[in-house]
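Asker: Need coordinates for the following:
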Amino acid sequence: MVRLALIVTSDSVYRGLRADEVTPIVSGDGRFELVLSRVVPNDVSEIRAAVLEASRLADIVLVTGGTGVSPRDVTIEALESIASKRVPGLGEEHRRRSYLRVGARALISRSEGFVVGRALVLASPGNPDAVRVALDILAEVAEHCLEELRGGGHGGARSS
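Answerer: Numbering: from 1, shown residues only. Next up is the predicted model:
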């Protein structure tokens, strides 16, 4: 089973002012083994540290929250600073599927995929619908992507 770590970035959840709606969704999904779940504030250093730890424990890291355009939305900036590669198709597909569910609101999401160490990382908005979309996408691409990250896959014969 694919090992998944969850990093919830939310000032209000971190301070206990709002309930964590994301962890129950991810832990109850059943398609992944949840090996780490952590809530951090919307702080670049905190997000970086949590994702680096998670990337050593998991095959996939799902980071929820902080992907909008408000001043406190810094998840993408934190991930850019530690990623070796971007995987833009993940964010593009997340926005496409979210648009079909919630409309134009989805277009201001900065959802994005990255590689950190040997882990695939997806930054998703933190609302429950967006998290469900993220889990569906990750379940679809996990096997092939992880094979690629481990040096398998196409063997240099064709590009992905």
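Asker: Which parts of this structure are helices?
Answerer: Counting by DSSP state H, residue ranges of the helices within the chain are 11-14, 22-27, 44-57, 75-80, 88-102, 128-149.
Asker: Minimum distance to residue 3: which of those helices has it?
Answerer: helix 44-57 (7.0 Å; C-beta to C-beta). The C-beta positions use only the backbone N, C-alpha and C, and glycine is treated the same way.
Asker: Report the mean confidence score over the closest one.
Answerer: The predicted model assigns helix 44-57 a mean pLDDT of 98.
Asker: now stretch 17-32
Answerer: Per-residue scores along stretch 17-32 average to 97.
Asker: Any buried residues in it, and which?
Answerer: 20, 22-23, 25-26, 29, 32 (16 or more other C-beta atoms under 10 Å).
Asker: same deal with stretch 31-44?
Answerer: Neighbour counts over stretch 31-44 (16+ other C-beta under 10 Å) mark 32, 34, 36-43 as buried.
Asker: ok, those vs residue 139, which is closest?
Answerer: residue 32 (7.6 Å).
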